[in-house]
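**Student:** Build me a structure from this.
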Amino acid sequence: MTVVLAQGERVSIGKGEAGSVARVRMGLGWDPIKHEGLRPGLQALTGVDLDASCLLFDADHHLVDTVWSRQLVSKDGAVTHTGDNTTGAGEGDDESIIVDLAALPLRVTALVFTVSAFSSDDFSRVANAFCRLVDERDESELVRYELSTTDSHDNAQIMVKLARGGGDGWVLTAIGRSAKGNTFGDLLPEVQKYL
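**Tutor:** Purely as a prediction, here's the structure:
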C-alpha cells in the first residue's frame, strides 16, 4: 500500500510491524531539457548531473558514513548506491540508493537522503526531475518530490530522514526542503537542522 507523505509528515516503518519495511530505495530521476537546434551529440553535453546521497548519523548527530557517487557502498555494507548517472538519460530512476535497514549497525541512528546538482546548475535546467523513497518489497512509494516544479533556483534538496524509533522500527520524516550545495558536504550544516 502506498503512503505518500506531505512535507513534515511522519510515519513509522520497519521490522516488527505488520507489513513492515525491511529495505528502502531512494530513487532519483530526471531528463535534460531539450535545446532546439543542437545535434544529438551536443545534447548530452548540456545535461545536468544530479547526485543522490545518503548520510548516516549516530545518536550524537555526528556523521558516521556517506554513500554517494564517489563512495558507492557504506563501510558496513548496508547501504549501496547503484552508480552515477551524469546525464539523466534513461527511463525511471536514474540513480538509486538501497538501504537494508536490518543490516545497519546500532550505532547508526539516522539516515538523511539528499539530492544535489553536482554540475552547479539549478533544478530549472532539468525536466521531469523527481526523488522518491520506495519500499523495496512491493515498489510502493513512501515519499515523492517533484524537483523540476520548484520555483526557486536552488540546486539541492534535503529529501527525507529515517530515524530509529522504538523497538526495531524506524520513523520516516518527509523533509522536502530546497537548499544550495553541489555535494553532500555543502549540505551538512543545513542537514544538521533536521536531526
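**Student:** For residue 91, the count of nearby residues, please.
**Tutor:** When counting by other CB atoms under 10 Å, one arrives at 7 neighbours for residue 91. Where you see a C-beta, it was placed from the backbone N, CA and C, and this is true even at glycine.
**Student:** what's across from the residue nearest the centre of the chain in the sheet?
**Tutor:** Residue closest to the average C-alpha location in the chain (CA atoms, centre = their mean): residue 113, at 4.0 Å. Going by DSSP bridges, residue 113 is paired in beta bridges with residue 54, residue 160.
**Student:** which residues sit in contact with it?
**Tutor:** Contact partners of residue 113, counting by CB atoms under 8 Å, 6 or more residues apart in numbering, are 26, 52-55, 97, 131, 133, 159-162.
**Student:** again, but for residue 181
**Tutor:** Counting by CB under 8 Å, 6+ apart, residue 181 makes contact with 116, 155-156, 187, 190.
**Student:** Tell me how far the residue nearest to the centre of the chain lies from residue 32.
**Tutor:** The gap separating residue 113 from residue 32 is 23 Å, by CB to CB, to the nearest Å.
**Student:** Kindly report the same for residue 160.
**Tutor:** Note on residue 160: its distance to residue 32, by CB to CB, is 25 Å.
**Student:** Which one's more surrounded, these two?
**Tutor:** Counted by other CB under 10 Å, residue 160 and residue 32 do not tie: residue 160 has more neighbours, with 24 against 19.
**Student:** By mean pLDDT, flag the weakest helix or strand of this structure.
**Tutor:** helix 40-45 (a mean of 50; mean pLDDT, DSSP states H and E).
**Student:** For the chain, which residues score under the pLDDT cut-off?
**Tutor:** Within the chain, the stretches with pLDDT under 70 are 1-4, 14-20, 33-47, 87, 119-122, 148-152, 168.
**Student:** residue contacts, the closest residue to residue 142 other than its chain neighbours?
**Tutor:** Computed as CB to CB, 6 or more residues apart in numbering, the closest residue to residue 142 that is not its neighbour in sequence is residue 133, at 4.6 Å. Taking CB under 8 Å, 6+ apart, we find residue 133 in contact with 24-27, 113, 141-144, 159-160, 172.
**Student:** And those residues, which of them are buried?
**Tutor:** Buried members of the contacts of residue 133, counted by 16 or more other CB atoms under 10 Å: 24-27, 113, 142-144, 159-160, 172.
**Student:** Would you format the residues you listed as JSON lines with distance to residue 73 and secondary structure included?
**Tutor:** Listed next are these as JSON lines, based on distance: CB to CB, whole Å; DSSP: H, G, I helix; E, B strand; the rest coil:
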{"residue": "24", "distance to residue 73": "16", "secondary structure": "strand"}
{"residue": "25", "distance to residue 73": "15", "secondary structure": "strand"}
{"residue": "26", "distance to residue 73": "15", "secondary structure": "strand"}
{"residue": "27", "distance to residue 73": "18", "secondary structure": "strand"}
{"residue": "113", "distance to residue 73": "16", "secondary structure": "strand"}
{"residue": "142", "distance to residue 73": "23", "secondary structure": "strand"}
{"residue": "143", "distance to residue 73": "23", "secondary structure": "strand"}
{"residue": "144", "distance to residue 73": "25", "secondary structure": "strand"}
{"residue": "159", "distance to residue 73": "20", "secondary structure": "strand"}
{"residue": "160", "distance to residue 73": "21", "secondary structure": "strand"}
{"residue": "172", "distance to residue 73": "23", "secondary structure": "strand"}
